[in-house]
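**Q** Generate coordinates for the sequence data below:
(chains A, B and C)
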Amino acid sequence: MNDAGTTAPAGTGTGRRIAFNHDLLSGLALIILGSFAYTWGPGWGERTWVFPNMVSWLMVGLGILLAVIGLARRTREKLFESWRAAVDVSWFSASVLAFFLLIPQIGYFVATWLFMVVQASVLGGRRHPAAVGLIIVVAGLLALGMYQLFGGAFNVHLPEGRWI
Amino acid sequence: MRKRPRIRTRCTLLSLAAPLLLAPAACASDAGSSDDGGDDYPSESIRVIITFDPGGGSDTDFRRLQPHLEESLGVSLEPEYVTGAGGAIGWAELANAEPDGYTIGTVVLPHILLQPELIEDTGYETSDFDIIGMNAYAPQILFVDAEDPAFESFDEFEAHVQENPGNVDIGGAAEYNLSHAVQVMLDDAGLDTNYVATGEGATAVVSGVRGGHYPVGITSIQQYFGAEDEIQPLAVSSEETYELASDIPTLSELGYDVSGSTNWGLAAPEGTDPEKIEIISDAVADALDEEDVLQNMEDEGQGMIGTGPEESEEYVQDYLDDIRSVTPLFEQ
Amino acid sequence: MFDGLLLALDPAHLLLILAGVAGGVLIGALPGLTATMGAALLVPFTFVMEPSAGLVMLGAMYVGAMFGDAVPAVLVNVPGTPSAMATAFDGYPLSEQGKGQRAIIAACWASAVGAIIGGTALLVMSPTLAAAALAFGPPEFFWLGAFALTIMGSVAGSSFFRGLGGGLFGLLLSTVGIAPAGGTSRFTFGFYQLQGGVSLAAALIGLFAIPQLIKLAENRKQRTRISQYVPERRVFRHIWSELRRPVTLIRSSVLGTFIGVLPGSGASLAGIVSYNEAVRWSKDRTKFGKGAVEGVVSVETANNAAAPASMVPLLSLGVPGSNVAAIFLGALLFHGLEPGPSLFDDTPEIVFAFVWAMILGGIAVFILGRVMAPLLVRAIQAPVYALIPVIAALTMVGSYAVRGNMFDTYMMFVLGIVGYVLMKIGIPVAAVALGLILGPIVENGLDVSLQMAETAGIFTVFFTRPISLVLMALTVLSALWTVYSNVRRSSRTEG
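**A** Modelled structure (predicted):
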């Protein structure tokens, strides 16, 4: 039953692709998370820790099982198409994070407007100046519309910055 | 007999005195609003942090005042529900808010006293608040299911517990709350029961008792109002007979010198301009005179406190002293 | 009963029902805004209305919100409220295949049927259901949660064990913050904002939306649109062909009604359990998760049936079974109506008007959804480069709206990145979300049962209560079945 529990997706890695074994990776992740969670608490015995401790032990156990399965199988599943894709993903995530971090500084409206315009331009590639103008207008209207909707109708006041 | 610790609440006394306290306050606010040139507070809407879900005790306490406060302050009050961790998240938010008078929040005793003492990293201290006023209170009741009561009276319950010390379940909403405090005080006074914390709020306690999962429950008397046919109180934890339910015997009448009640009020972050606090507290005092507010309190089973900023500081301090005498009991 | 219908059919009331449903759909569809919040916003308005008018509008709003949350789940894989989580499992794949319209109309259908059946149950069998709900104590909730955990098998995707791992991680996440019944903080890393735990609504936005966004950005060269719009002329025929056998509808409504009645468990659990059973009893299990209309239908029927059903404890016991019910309780009290059995005797027409409003709300949902579906589906025809920033902004607004707090937005983002990494190493985020939802139910059931065991003994508490025994047997059977079917499936694909 143990090794029959998993199925390997067909695509095994070749060439420049970044590929690794899913079972081994997730097994290791579970072992690390589980043992971290267990050592965080005061150990076995306290009532409020019974449940988290149970869960972390199960995680470690399952992690070991998965790691063994992964080592036995040695299949490799694709993680990224290429290093380039991995870098792209990091850039995109960083830009979203930057957007969130900017909000308390410059306020929801400006940050969102800026973010929408930049993302739409970068993701969409180069294009006609008129199109960029359209993006700026539409993004502004969307950001403002959401601000008004949440503030006016639902009493949720999105963060304001120094100016707006 | 040695003196037993108790949570002394001055509610009954203070609610009698309330009209006296309110009278000068009401005059002050009348004078203030007519020719108050220099100070234009409040000039924009005020954010009100409510630390429990809509429909809870804090929400009810604020909502009934809201229309009157908006009318007398001339600006809108915008409730914001910042919930979680038994209110602690919202209180941390309130404690860290800008003390400019445009953020206030609801506070509850004994929660804001117990949490900083007993929980790590609560994110606030009791002293982080300037109380605007304590408005309403409600004692706790020990109760059984009305249809199929496990005990007909408190005496029967007491006798059963004495035969089976530590072996009778008594359901309450959470650990380290007022229900738990009353239970440990009873424990200390010789009524040794097993506290079962449901972790899901007062209504879960009522359902648990009605479903027969534990024979006796302990929760705020508010749960009894509107459910008179469903649950049967054995005792109430008010210091004196509770006017809204005068037929329930108090714990002290039953031989246990134990009392305590939940208190609701409003507070501003520490450092808020006392004049601004005064303006809001005057408006609150006026609102507490309104017919519909009083009626609503009665319907909800709450009694009135009605203390202004200064009396409230003292009130909270007294409550804290009482709480300090109880907290060591939790450890046992 | 029919006086109530007449009262609800009053033209002014019909208008309020429509307004309530429309408002509810909007609130449900905006991530971060929940039916509870909608009800809290509406209550002050109902104060100035006739009692019946106010309640009618509240009821309709609730039903509307329960459908509205399916819309973003289908269109962009972001459940509007936690109860639509399982809607996204099959709704979004449908959308990707250009069948978003079908998914939305199916959700509408299902919601209407669910609301009608749940509402009818509320009308005719409240007292029975309420008695059943009371019989559910902490041990029963523990076993119910454990039973729902066995669903891990049907959301596990390619690997059962990795799915289980994701579920365990979700359970662990659910323990962040102050322990449910105690004063111990767990895994708060010094942040007071984490004392209240990981906000479920914000976490779901992060887990579902952020990985999806990153994936869209990653593949934007190959895929410039989420889906190609294919105008479907015979939507109804397609849906009808799926629903010809009403088994799914009936099973889902019954499950939704029963689970909805249980205090505190609510619509999310109903949707999850119903989805699991739809998968379990289907002849072709492999189609689920890849765009099965039946999957969408099972979830939406159940969570909409749960909405009226969650009013059962309030109306017949006077005990609010959910946050929304607690707000309704306030509204009832304000109008001088005392909830509880006497409500049916004293002012039956108002109660019935309220219940009818939920039923009629179901019908209004149907009409509204039918009209809006093509428009909504066209909205996501926008190119990916335009959609990504809008969805990103929406995740921010949604996570912020939950508690009016930037911390939740940051937490949402962190969980989103974690979700993306998990997805990359083959752990399904749906399993994590499932663990997060079920964690508190299981843990609290376990914790309170253990406290009860101090007087009664562990054996008595866990193994001698009749309902517990049944649920325990179901849990064990379901777990064995999950393992067995996964083994069979994988040996088939390999052999």
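**Q** how close does the nearest residue to B:G74 once chain neighbours are set aside sit to B:E93?
**A** Leaving aside its sequence neighbours, B:G74 sits nearest to B:P42 (Cβ to Cβ, 6 or more residues apart in numbering or on different chains; 7.4 Å). Just so you know, the C-beta spots here come from the backbone N, C-alpha and C atoms, and that holds for glycine as well. For B:P42, the distance to B:E93 equals 20 Å [Cβ to Cβ, to the nearest Å].
**Q** Check which element follows the helix or strand hosting C:I391 along the chain.
**A** Using DSSP states H and E, C:I391 sits within helix C:384-403. Next helix or strand after helix C:384-403 toward the C-terminus (DSSP H and E): helix C:406-424.
**Q** okay, the angle between that following helix and helix C:384-403?
**A** Taking axes from the mean of the first three to the mean of the last three Cα atoms, to 10 degrees, one finds helix C:406-424 and helix C:384-403 inclined to each other by 130 degrees.
**Q** buried stuff in the next helix or strand after helix C:406-424?
**A** Next in sequence after helix C:406-424, counting helices and strands by DSSP H and E, comes helix C:429-456. Neighbour-count burial for helix C:429-456, counted by 16 or more other Cβ atoms under 10 Å in any protein chain shown, picks out C:429-453, C:455-456.
**Q** near chain B, which of these show up?
**A** C:N444, C:D447, C:V448, C:Q451, C:M452, C:T455, C:A456 (Cβ under 8 Å from any Cβ of the partner chain).
**Q** Please tabulate those residues in CSV, including the columns pLDDT.
**A** Shown next, in CSV, are those (pLDDT from 0 to 100):
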residue, pLDDT
C:N444, 88
C:D447, 89
C:V448, 90
C:Q451, 89
C:M452, 91
C:T455, 87
C:A456, 84
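**Q** State the distance from C:V371 to B:S43.
**A** Computed with Cβ to Cβ, the distance linking C:V371 and B:S43 is 44 Å.
**Q** er, B:A283 actually
**A** Separation of B:A283 from B:S43 (Cβ to Cβ) stands at 15 Å.
**Q** can you check C:A209 too?
**A** 39 Å.
**Q** so does the longest strand that chain B contains get close to chain C?
**A** When chain B is parsed with DSSP state E, its longest strand is strand B:129-145. No - judged by Cβ under 8 Å from any Cβ, strand B:129-145 and chain C are separated, with a smallest distance of 9.3 Å.
**Q** Walk me through the domains of chain A.
**A** A:3-80, A:83-154 (automatic domain parsing).
**Q** Test my guess that B:K276 contacts B:G101.
**A** Yes - the pair B:K276 and B:G101 qualifies as a contact (Cβ atoms under 8 Å) at a distance of 3.7 Å.
**Q** which neighbours do the two share?
**A** Common neighbours of B:K276 and B:G101 (criterion: Cβ atoms under 8 Å, 6 or more residues apart in numbering or on different chains): B:Y41, B:P42, B:A268.
**Q** burial count for the second one?
**A** B:P42 is surrounded by 18 other residues when neighbours are defined as other Cβ atoms under 10 Å in any protein chain shown.
**Q** re the thing from before, for the helix holding C:I391, packing partners?
**A** Secondary-structure packing of helix C:384-403 (3 or more Cβ pairs under 8 Å, 6 or more residues apart in numbering or on different chains; DSSP states H and E): helix A:83-106, helix A:108-124, helix A:129-148, helix C:70-76, helix C:200-218, helix C:406-424.
**Q** quick check, distance from stretch A:50-65 to the centre of its chain.
**A** 24 Å (Cα atoms, centre = their mean, to the nearest Å).
**Q** Surely B:L234 is within a strand?
**A** Yes - counting by DSSP: H, G, I helix; E, B strand; the rest coil, B:L234 is part of a strand.
**Q** Quick check: B:L178 touching B:P110?
**A** Yes - in this structure B:L178 lies within contact range of B:P110 using Cβ under 8 Å: 5.6 Å.
**Q** Which one's more surrounded, these two?
**A** For B:L178 versus B:P110, the count of surrounding residues by other Cβ under 10 Å is larger for B:L178: 29 against 24.
**Q** Contact partners for the more buried one?
**A** Here B:L178 is in contact with B:I7, B:P110, B:Q140, B:S220, B:G260, B:S261, B:T262 (Cβ under 8 Å, 6+ apart).
**Q** Show me those residues that map onto strands.
**A** Using DSSP E, these in strands are B:Q140, B:S220, B:S261, B:T262.
**Q** Output these in TSV; the columns should cover neighbour count.
**A** What follows is the ones in strands among the contacts of B:L178, written out as TSV (neighbours: other Cβ atoms under 10 Å in any protein chain shown):
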residue	neighbour count
B:Q140	29
B:S220	25
B:S261	29
B:T262	24
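**Q** Out of those residues, which comes closest to chain C?
**A** When the ones in strands among the contacts of B:L178 are ranked by distance to chain C (Cβ to the nearest Cβ), B:S220 comes first, at 13.8 Å.
**Q** Next, give me the two most distant ones among the ones in strands among the contacts of B:L178.
**A** Largest separation among the ones in strands among the contacts of B:L178 by Cβ to Cβ: B:S220 and B:S261, giving 8.4 Å.
**Q** list residues touching both of the two?
**A** Contact with both B:S220 and B:S261 is made by residues B:A138, B:P139, B:Q140, B:L178, according to Cβ under 8 Å, 6+ apart.
**Q** Within range of chain C, give me the residues from the stretch 201-332 of chain B.
**A** B:203-204, B:206-208, B:210-214, B:226-227, B:229-230, B:296, B:299-300.
**Q** do that again at 10 Å, thanks
**A** Residues of the stretch 201-332 of chain B lying close to chain C (Cβ under 10 Å from any Cβ of the partner chain) are B:201-214, B:223, B:225-231, B:292, B:295-296, B:299-300, B:330.
**Q** Buried only: go through these for me.
**A** Using 16+ other Cβ under 10 Å, the buried ones in those are B:201-211, B:213-214, B:223, B:225-227, B:230-231, B:296, B:299-300.
**Q** Among those, which lie within helices?
**A** Of these, the ones assigned to helices by DSSP state H are B:A202, B:T203, B:A204, B:V205, B:V206, B:S207, B:G208, B:V209, B:R210, B:N296, B:D299, B:E300.
**Q** Was I right to think the first one contacts B:G55?
**A** No - using Cβ atoms under 10 Å, B:A202 is not in contact with B:G55; the gap is 11.5 Å.
**Q** Give the bridge partners for B:V236, please.
**A** B:I141, B:T250 (DSSP bridges).
**Q** So the residue lying closest to C:A453 once chain neighbours are set aside versus B:D169, what's the distance?
**A** Nearest residue to C:A453, sequence neighbours excluded (Cβ to Cβ, 6+ apart): C:V461, at 4.6 Å. Using Cβ to Cβ, one gets 11 Å for the distance from C:V461 to B:D169.
**Q** In contact with the closest residue to chain C within chain B, which residues?
**A** At 2.0 Å from chain C, B:G84 is the closest residue in chain B, using Cβ to the nearest Cβ. Contacts for B:G84 (Cβ atoms under 10 Å, 6 or more residues apart in numbering or on different chains) come out as B:51-53, B:90, B:92, C:177-178, C:193-197, C:199, C:403.
**Q** Which residues are in contact with C:S253?
**A** With Cβ under 10 Å, 6+ apart as the criterion, the residues that contact C:S253 are C:110, C:113-118, C:120-121, C:246, C:260, C:270, C:274, C:298, C:301-302, C:304-306, C:309.
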